[in-house]
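# here is a sequence together with a model predicted from it:
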Amino acid sequence: MKASTGSSTATSSRLTSLPTRLNKIAETLRREYCRKHNYPWIVAYSGGKDSTLLLQMVWETVAALPAVRRRRSILIVGNDTLVESPLVIHHLRDSLKAIGAAASEQGMPVDIRVTTPAIDQTFWVSVIGRGYIPPTRNFRWCTDRMKIRPTSRLLKDIVGEHGGAFLLIGTRRSESQNRQRGMDRRKVSAGKANDHDSVEGCRIFSPLADLDDDDVWMVLMQRRPIRFQHGAQDALAPPSL
């Protein structure tokens, strides 16, 4: 019983401090966005809870700036592996369409892109044409070929055009022990960017790194997140935290 009470107290304490922690994330985003260089932001978006919160915070931070200071372009990037469930890909594409419409209405420097694997890297070419076994827990060849490579190709194009880029991702330490170990090994911090492992000139930024599941769900419940099903007018709502 005492352990349960202690756990509840810790959770309550974290939620009480959540507005302060969110303000710190917003300030970090604002400071980075307002730097003198014009390297574009690429926001990785899947439509899941973490990428939705990341995009929400990026949007709110940039929307709060005067229009003349919204000079750095923001590219919101989704990925279609071409073997997704129809419900999943419809959710992604419909929400991106609504976000794009909202960006036009609100004068946000936002563009939308969906990456897909090269034809020779697609699932069916790999399985039927090359004889690969279907992906397993220990042989997850699909992630590299159908997600990482298409995004890396886009990042290289953007870096080549602009001289640099920042990739914003919604990864968090509390997702799993493996995620925590990996982020700790790379010294990932919510307050600074790290070099991309394979794309020279690209920096990776994980603003949500230190939030846990309760934090994410609390914000999404108290702020109306991006809602693809209700059209552009509901793509962004004012915060209540």
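Looks like it came in fine. From a predicted model like this one, the values you see are computed outputs, not experimental measurements.
# please count neighbours and contacts with C-alpha atoms only from this point.
Fine.
# quick one: residue 43 is in a strand?
Yes - Residue 43: assigned to a strand according to DSSP: H, G, I helix; E, B strand; the rest coil.
# show me what contacts it?
Shown in contact with residue 43 (Cα atoms under 8 Å, 6 or more residues apart in numbering): 55, 74-77, 167-169.
# other SSEs contacting the longest helix along the chain?
In the chain, taking DSSP state H as the definition, the longest helix is helix 86-106. Judged by 3 or more Cα pairs under 8 Å, 6 or more residues apart in numbering; DSSP states H and E, helix 86-106 is in contact with strand 110-115.
# the strand it packs on vs helix 86-106, what angle?
Counting by axes from the mean of the first three to the mean of the last three Cα atoms, to 10 degrees, strand 110-115 points 160 degrees away from the direction of helix 86-106.
# now for strand 110-115, which elements pack on it?
strand 74-79, helix 86-106, helix 149-162.
# relative to residue 113, which of those is closest?
strand 74-79 (4.8 Å; Cα to Cα).
# give me the neighbour count for residue 157.
Residue 157 has 13 neighbours, counted by other Cα atoms under 10 Å.
# so what's residue 114 up against?
Counting by Cα under 8 Å, 6+ apart, residue 114 touches 77-80.
# about what we covered before: let me see the mean pLDDT of the longest helix of the chain.
Helix 86-106 comes out with an average pLDDT of 91.
# now do it: distance to the chain's middle.
15 Å (Cα atoms, centre = their mean, to the nearest Å).
# got the angle for it vs strand 74-79?
When the same axes, to 10 degrees is applied, the directions of helix 86-106 and strand 74-79 differ by 170 degrees.
# convert the C-alpha atoms of helix 86-106 to PDB, please.
Once non-C-alpha atoms are left out, helix 86-106 reads as follows in PDB (Å, rounded to 0.1, in the frame of the first residue of the first chain):
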ATOM      1  CA  PRO A  86      -5.700   1.100 -45.400                       C
ATOM      2  CA  LEU A  87      -7.000   2.700 -42.100                       C
ATOM      3  CA  VAL A  88      -3.500   3.700 -41.100                       C
ATOM      4  CA  ILE A  89      -2.500   5.300 -44.400                       C
ATOM      5  CA  HIS A  90      -5.900   7.000 -44.800                       C
ATOM      6  CA  HIS A  91      -5.500   8.500 -41.300                       C
ATOM      7  CA  LEU A  92      -2.000   9.700 -42.200                       C
ATOM      8  CA  ARG A  93      -2.900  11.200 -45.600                       C
ATOM      9  CA  ASP A  94      -6.200  12.800 -44.400                       C
ATOM     10  CA  SER A  95      -4.500  14.400 -41.400                       C
ATOM     11  CA  LEU A  96      -1.700  15.700 -43.500                       C
ATOM     12  CA  LYS A  97      -4.200  17.100 -46.000                       C
ATOM     13  CA  ALA A  98      -6.000  18.900 -43.100                       C
ATOM     14  CA  ILE A  99      -2.700  20.200 -41.700                       C
ATOM     15  CA  GLY A 100      -1.700  21.600 -45.100                       C
ATOM     16  CA  ALA A 101      -5.000  23.400 -45.400                       C
ATOM     17  CA  ALA A 102      -4.600  24.800 -41.900                       C
ATOM     18  CA  ALA A 103      -1.100  26.000 -42.700                       C
ATOM     19  CA  SER A 104      -2.400  27.900 -45.800                       C
ATOM     20  CA  GLU A 105      -5.200  29.500 -43.800                       C
ATOM     21  CA  GLN A 106      -2.900  30.600 -40.900                       C
END
